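K.L.:
Provided below for reference: sequence and predicted model.
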Amino acid sequence: MNKTVFPPPPVITIPIKDCDQRFAVRRVFCAGRNYAGHIKEMGGQAGTLPPVFFAKPADALVSDGKDVPYPRATKDLHHEVELVLALGKPLSDANEAEAMGAIYGLAVGVDLTRRDLQDQAKARAAPWTSAKAFDHSAPIGPLSPVSEVPASLRGRIYLCVNGKRRQDGDLAQMLWPPARLLAHLSSLFDLKVGDLVFTGTPAGVGPLQIGDVVTAGIEALDMAPLRFAVYGK
Ligand code: MN
């Protein structure tokens, strides 16, 4: 390899449940507007349009039980619990069967959002990067490998703050279920091994404060839960 002027950045990896190997992450895609309940609480109306997509840098992931710092530049940090798909095969212009066959594993993740900055971005018809793609914005639980994801995936998806239930939905409420979502995403991008896809959040998003303890999980396919605290500087 040619020498680089500065040391190359580290490869980002996340743990795999009951496994001593880790999953190397390439990119983190996120879907927005994939549950009718959340679209409604954000003041919108569910239609036939596909979900919107945005991305977070891989080094925004927070794993291995680490806590999350309350980010700067916001007074309204929101939680969004989401099913995360991890790809073990490449996908380009895939059909739904191919998309399902490319899923290596599933995890529960939280799409942390600076809601005040997102509201400002929406008002200016500007990108969501500042609202979504900040450092430590993607806590994620251990990846649970799956041999096969059922076409009609269902199971409770929940998030609690200090033991109080804030979000409680079902994966079956996804407007674009994993197969359809991945197939569509693969029509926009050449998806590769190591890519993660956050699949959108059910209703009940809300603010987090310094000192809050978040627990989140998905009651399907033996998935591992996630827990983190929000700490101040
Ligand atoms: Mn989200």
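P.N.:
In hand now; what should we look at? Just so it is clear, the model here is predicted, and its values are computed rather than measured. Numbers count the residues shown, from 1 in each chain.
K.L.:
Could I get the full set of helices for the protein?
P.N.:
Here the chain has its helices, by DSSP state H, at 36-41, 96-101, 115-123, 129-132, 178-188.
K.L.:
Next, see if stretch 131-149 gets close to the ion.
P.N.:
No: using C-beta under 5 Å from the ion, stretch 131-149 stays clear of the ion, with a minimum separation of 7.7 Å. Glycine gets a C-beta too; all of them are placed from N, C-alpha and C.
K.L.:
what does stretch 49-62 give?
P.N.:
No: judged by C-beta under 5 Å from the ion, stretch 49-62 makes no contact with the ion; its nearest approach is 8.6 Å.
K.L.:
Contacts for that stretch, please.
P.N.:
With C-beta atoms under 8 Å, 6 or more residues apart in numbering as the test, stretch 49-62 has contacts from 9, 12, 14, 25-34, 68, 111, 127-129, 132-140, 175-176, 181, 184-185, 188, 196, 200, 228.
K.L.:
switch the cut-off to 6 Å
P.N.:
12, 25, 28-34, 68, 128, 132-133, 136-140, 176, 184, 200 (C-beta atoms under 6 Å, 6 or more residues apart in numbering).
K.L.:
coming back round to it: could the helices of the chain go into TSV alongside mean pLDDT and mean neighbour count?
P.N.:
Below are the helices of the chain laid out as TSV (pLDDT from 0 to 100; neighbours: other C-beta atoms under 10 Å):
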stretch	mean pLDDT	mean neighbour count
helix 36-41	91	17
helix 96-101	96	17
helix 115-123	97	16
helix 129-132	98	19
helix 178-188	97	20
